[in-house]
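In: What follows is a protein structure lacking sequence information:
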């Protein structure tokens, strides 16, 4: 049984007042909907824009490209010198993302890395100002050490879908296919909240988002 985290009427109201995407980004939304490709929700996109506006990151790492929707939104919100590395496991999806990014004129600012997110992260060495985890939820625990290694002090780790349709908070027995992911996400959230290197807040927007600031930035 899923526990209600939000009220549908609140979600509907927020989506009616938030500024929505237009042009080619709107076409990408429509493609994702008709082809059952998961992309970030409007309220999640709006929060990412605000966070990037505040942090002004020059390098972002994203795990989970899909069709390149979130990477494109983040690139447009970044300073013009900003660069995004985004990782996608599926080869066909990675190719479609490259096409979308090229159509938006962002190919010089977004690099799509095709492969397993953990394996790719292990091969990276350049530090990032912000890391956005939006890949396989059951692997966030495995991504975490690499994300911490790659994240600069004062950088922001953003973890999407951490409440898993409310199943993370559910006290009732869950089917096995959901229980494993829910348990892993609970452990992941506990790690975020108890790690002395981080200051973490968990927001019940979209499917749940955790914001973790790595301590030791220039203002500390």
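Out: Everything's here; your move. Here the structure is a predicted model, which means the values were calculated and not measured.
In: contacts, neighbours, all on C-alpha from now
Out: Noted.
In: what bits of the protein have low per-residue confidence?
Out: 1-8, 19, 165-178, 217-220 (pLDDT under 70).
In: the strands in it, which residues?
Out: 59-63, 83-88, 110-114, 128-133, 151-160, 198-203, 209-214 (DSSP state E).
In: Which helix in the protein has the most residues?
Out: helix 176-194 (DSSP state H).
In: How far does it sit from its chain's centre?
Out: Mean-position distance between helix 176-194 and its chain equals 17 Å (CA atoms, centre = their mean, to the nearest Å).
In: What of stretch 207-220?
Out: The chain centroid and the centroid of stretch 207-220 are separated by 14 Å, computed with CA atoms, centre = their mean.
In: what's the answer for stretch 190-204, then?
Out: Using CA atoms, centre = their mean, the distance between the centre of stretch 190-204 and that of its chain works out at 16 Å.
In: Please point out which parts of it sit buried.
Out: 192-193, 198, 200, 202 (16 or more other CA atoms under 10 Å).
In: Now do it: distance from first to last residue.
Out: 16 Å (CA to CA, to the nearest Å).
In: now the helices for the protein?
Out: Counting by DSSP H, the helices of the chain are 8-17, 23-34, 42-55, 69-77, 91-103, 117-123, 140-150, 176-194.
In: For the shortest one, buried residues please.
Out: Within helix 117-123, the residues scored as buried using 16+ other CA under 10 Å are 117-118, 120-121.
In: In JSON lines: those, plus distance to residue 9.
Out: Compiled in JSON lines, the buried residues of helix 117-123 are given as follows (distance: CA to CA, whole Å):
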{"residue": "117", "distance to residue 9": "36"}
{"residue": "118", "distance to residue 9": "38"}
{"residue": "120", "distance to residue 9": "40"}
{"residue": "121", "distance to residue 9": "39"}
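In: which one of the strands of the chain lies closest to residue 38?
Out: In terms of CA to CA, the element of the strands of the chain nearest to residue 38 is strand 151-160, at 11.9 Å.
In: one step back: the longest helix of the chain - contacts with which helices or strands?
Out: Helices and strands in packing contact with helix 176-194 are listed as helix 140-150, strand 198-203; criterion 3 or more CA pairs under 8 Å, 6 or more residues apart in numbering; DSSP states H and E.
In: Distance to residue 161 for the ones you listed - can I get that in TSV?
Out: Compiled in TSV, those are given as follows (distance: least, CA to CA, whole Å):
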stretch	distance to residue 161
helix 140-150	10
strand 198-203	10
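In: re earlier: which two from the buried residues of stretch 190-204 end up farthest apart in space?
Out: For these, the farthest-apart pair by CA to CA is 198 and 202; their separation is 12.6 Å.
In: Now residue 37: closest residue in space that isn't a chain neighbour?
Out: residue 66 (7.3 Å; CA to CA, 6 or more residues apart in numbering).
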